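Participant: 3D model of this:
(one chain, ligands or ions: 1)
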Amino acid sequence: MNFPVFDFHCDTALALLGEDLNQAGSLRRNQFHIDLERASKLGGYAQCFACFTTPMMEQWHNLSPIVLFERELATIQREIEKNRDLISIAYSPKEIRKNQNAGKMSAILTLEGTAGFGHDPELLEDLYAIGFRIVSLGWNEKNILTGSHMTGGGLTDQGRAFVSEAQRLGIIVDVSHLSDEGFWDIMDMTQAPVIASHSNSRAICDVSRNITDDMFKAICATGGVVGFNQYTKFVGEKADLDKACDHLLHFVELDPDAKHIALGGDLDGCDELVDGFDGLQSYPLLAQKLLDRGLTERMIMNIFWNNALGVMERCCM
Ligand SMILES: [Zn+2]
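Facilitator: Got it, this is the predicted structure:
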């Protein structure tokens, strides 16, 4: 079976901007982890394209995160428009279904980090109008909304206001990169399903970017999902497809019908992918491995497509 793929996180916008962050690579065909020619061979495709920003951009590239945010957004919008025969920006889960039925791919706009718009909850309404449907509170830095998995520290009052405003609008809150304190602060106040768009199991690979079993159960209880990340650092020693399956099967032990597990490859956002996984064209190999390890087609369909669409249906109408 050629499963459709719904992936919650990639940094392809940044990859297309190139080394100097001012180029114009092609989404249709490129040497990165994701392009549309390869995606069109899958049984369907919906991709969340992140606009990633951090205050670190000033130090790394002497570039303001606001300028970077604008360039990433412009790149995604231009590339989707240029390839409108294959893909379009989806503003609702209904549009993703419609595109899928018409043999077309879907792009969903997401935010990784809030530095690109000054962490301002009042701007969320404008971002929603542009099409953003998933947002995280920060990246690896501590900011005025929250601490990160690297700094520790929970949500501030402005962080709480940010979560409330996002959920009021129907934007999904993403907890990947957050501190554990920040995670539990969100769990205490959430009024909607919450996702970890690109995080793995800390029981299998003990790093702060991954989530504990209790965190996974808490996400399940909100009706949310966790997207599996292909970055070797978050998969663990001897990171191959079998090790990737170890994470997914561990989540299945906690979620026997596989209703809260999804994909969030971190493609084009990490330098080293799982051995045997070279880009989105490798998703069928992961599916085959999961079949070999005893998952049913129904469960894989949930992980690869249904669960991501389901959480969007519960959050963004
Ligand atoms: Zn990330």
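Participant: Which of the helices and strands in this structure ranks last by mean pLDDT?
Facilitator: Scoring the helices and strands of the chain by mean pLDDT, DSSP states H and E places helix 57-61 at the bottom, with a mean of 92.
Participant: so Met299, which of the three states?
Facilitator: helix (DSSP: H, G, I helix; E, B strand; the rest coil).
Participant: Burial check on it, number of neighbours?
Facilitator: By other C-beta atoms under 10 Å, the residues close to Met299 number 21. Every C-beta, even on glycine, is put in place using the N, C-alpha and C of the backbone.
Participant: distance of it from Leu263?
Facilitator: Met299 sits 13 Å away from Leu263, going by C-beta to C-beta, to the nearest Å.
Participant: Over to Ala102?
Facilitator: Ala102 is 22 Å from Leu263, by C-beta to C-beta.
Participant: So between those two, which is more surrounded?
Facilitator: Leu263 (29 against 8).
Participant: backbone phi and psi for the more buried one, please?
Facilitator: phi -120, psi 140 (degrees, to the nearest 10).
Participant: got it, and His247?
Facilitator: phi -60, psi -50.
Participant: returning to what we had before: pull the CA atoms of the least confident helix or strand of the chain into CSV?
Facilitator: What follows is helix 57-61 as a C-alpha-only set of coordinates in CSV (Å, rounded to 0.1, in the frame of the first residue of the first chain):
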residue,chain,number,x,y,z
MET,A,57,19.9,34.8,13.8
GLU,A,58,21.4,38.2,14.6
GLN,A,59,24.6,36.5,15.8
TRP,A,60,24.7,33.7,13.2
HIS,A,61,23.9,35.8,10.1
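Participant: Who are the packing partners of that helix?
Facilitator: Packed against helix 57-61, as judged by 3 or more C-beta pairs under 8 Å, 6 or more residues apart in numbering; DSSP states H and E, are the following elements: helix 65-82.
Participant: Not counting the helix it packs on itself, show me its contacts.
Facilitator: 13-14, 16-17, 21-22, 24-28, 49, 51-55, 57-58, 61, 87-89, 107, 109, 113, 115-118, 130 (C-beta atoms under 8 Å, 6 or more residues apart in numbering).
Participant: let's see it at 7 Å
Facilitator: 13-14, 16-17, 21, 27, 49, 51-55, 57, 87-89, 107, 109, 115-117 (C-beta atoms under 7 Å, 6 or more residues apart in numbering).
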